[in-house]
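*Asks:* Just need the structure, nothing else, for what follows:
(one chain, ligands or ions: 2)
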Amino acid sequence: AEDLLLKSEKLAVAGQLAAGIAHEVRNPLTTIRGIIQLMQSGRMKEQYFDLIVSEIDRMNQIIRDFLSLAKPYSTSFKRTNLHSFLEDTVLLFTAEKIMRNVQIERDFSIDNPWILCEEAQLKQVFINIIKNAFEAMPNGGNLTISTHVSEPNLAVIRFSDSGLGIPEDRLDKLGEPFYSTKEKGTGLGLMVSYRIVEQHNGTIRIQSKLNVGTTVEVVLPLVK
Ligand code: ADP
Ligand code: MG
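*Replies:* Ligands and ions are numbered 1, 2, ... in the order given. Next up, the predicted model:
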């Protein structure tokens, strides 16, 4: 019965989203169509190619975000070392942190933390959070990733950036589908992350101070 409930809830969310996705994907398609018409009429400019590529990338990102939401129940949970897992994820940002002038500091203070997770999904959550932190620091800055135990046996993972911050009256918009303040944002990253963490019996909390920075806290159960 519980499965059925989850399933119908998931379908309801998917239904709501389908309309939004259709809308979001139509915008880049309209742009690309217009460009191709210009090309056909001989008014071709080199930079149109870049525009086509970036619009296709945008559609791809929307679809990728959406797919990671659509398949969370066909999962296999594996016992995973949280700290190695975080290191693996941070490694993906090796080039980007140099280009963006971001220092990543670690302050890992759990002794041998094991969690149960669906690795591809949880990695997507950490990637989304780190990407948002980077994007909030257009002139570089610091990202501190810390872990500690919260009783009885929860792992708290904090991502603290020194970025732009979020106005207080916008905090409850976070995680709403398509809420984005970025020109090229999808507004799906946090929503997907909330749901994935929920499926890991965890929670996400976000605190922020405008012009000071943002802390995203992910809490996950520890296992033996
Ligand atoms: P997107 O990144 O595509 O905009 P997200 O769901 O990842 O979508 O984030 C939604 C919005 O939340 C962002 O557009 C931004 O306004 C805000 N946000 C998320 N993380 C941060 C952060 N670390 N610092 C400042 N704002 C953030
Ligand atoms: Mg994002």
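*Asks:* how close does the residue in the chain that ligand 2 sits nearest to sit to ligand 1?
*Replies:* Among the residues of the chain, Gly189 lies closest to ligand 2, at 3.2 Å counting by C-beta to the ion. In this view, the C-beta of every residue, glycine as well, is placed from N, C-alpha and C. Distance of Gly189 to ligand 1, given as C-beta to the nearest ligand atom, to the nearest Å: 3 Å.
*Asks:* my guess is that residue contacts Asn132, does it?
*Replies:* Yes: taking contacts as C-beta atoms under 8 Å, Gly189 lies within contact range of Asn132: 6.5 Å.
*Asks:* which ones are touching the residue lying closest to Lys184 once chain neighbours are set aside?
*Replies:* For Lys184, ignoring the flanking residues on the chain, the nearest one in space by C-beta to C-beta, 6 or more residues apart in numbering is Arg58 at 6.3 Å. For Arg58, the contact set (C-beta atoms under 8 Å, 6 or more residues apart in numbering) comprises 28, 184, 186.
*Asks:* hmm, the one helix or strand Arg58 maps to touching ligand 1?
*Replies:* Using DSSP states H and E, the element containing Arg58 is helix 47-70. No: applying C-beta under 6 Å from any ligand atom, one finds helix 47-70 separated from ligand 1 by no less than 8.0 Å.
*Asks:* Averaged pLDDT, the helix or strand just after that helix. What do you get?
*Replies:* Sequence-wise, the next helix or strand downstream of helix 47-70 (DSSP H and E) is strand 78-81. For strand 78-81, mean pLDDT rounds to 96.
*Asks:* returning to what we had before: measure the residue nearest to Lys184 to Thr31 for me?
*Replies:* According to C-beta to C-beta, to the nearest Å, Arg58 and Thr31 sit 9 Å apart.
*Asks:* Now do the strands in the protein.
*Replies:* Counting by DSSP state E, one finds strands in the chain at the ranges 78-81, 102-108, 114-117, 141-150, 154-161, 203-209, 213-221.
*Asks:* just the CA coordinates of stretch 217-224, formatted as PDB?
*Replies:* C-alpha atoms of stretch 217-224 as PDB (Å, rounded to 0.1, in the frame of the first residue of the first chain):
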ATOM      1  CA  GLU A 217      23.300  20.700   5.000                       C
ATOM      2  CA  VAL A 218      22.600  17.100   4.000                       C
ATOM      3  CA  VAL A 219      21.800  14.700   6.800                       C
ATOM      4  CA  LEU A 220      22.000  10.900   6.100                       C
ATOM      5  CA  PRO A 221      21.700   7.900   8.300                       C
ATOM      6  CA  LEU A 222      25.000   6.100   9.200                       C
ATOM      7  CA  VAL A 223      25.200   2.300   9.000                       C
ATOM      8  CA  LYS A 224      27.700  -0.200  10.500                       C
END
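*Asks:* Now do Thr94: how many residues are near it, please.
*Replies:* Around Thr94 there are 9 other residues, counting by other C-beta atoms under 10 Å.
*Asks:* whoops, Glu24 was the one
*Replies:* 22.
*Asks:* Repeat that for the one 5 residues further on.
*Replies:* Neighbourhood size, Leu29 [other C-beta under 10 Å]: 12.
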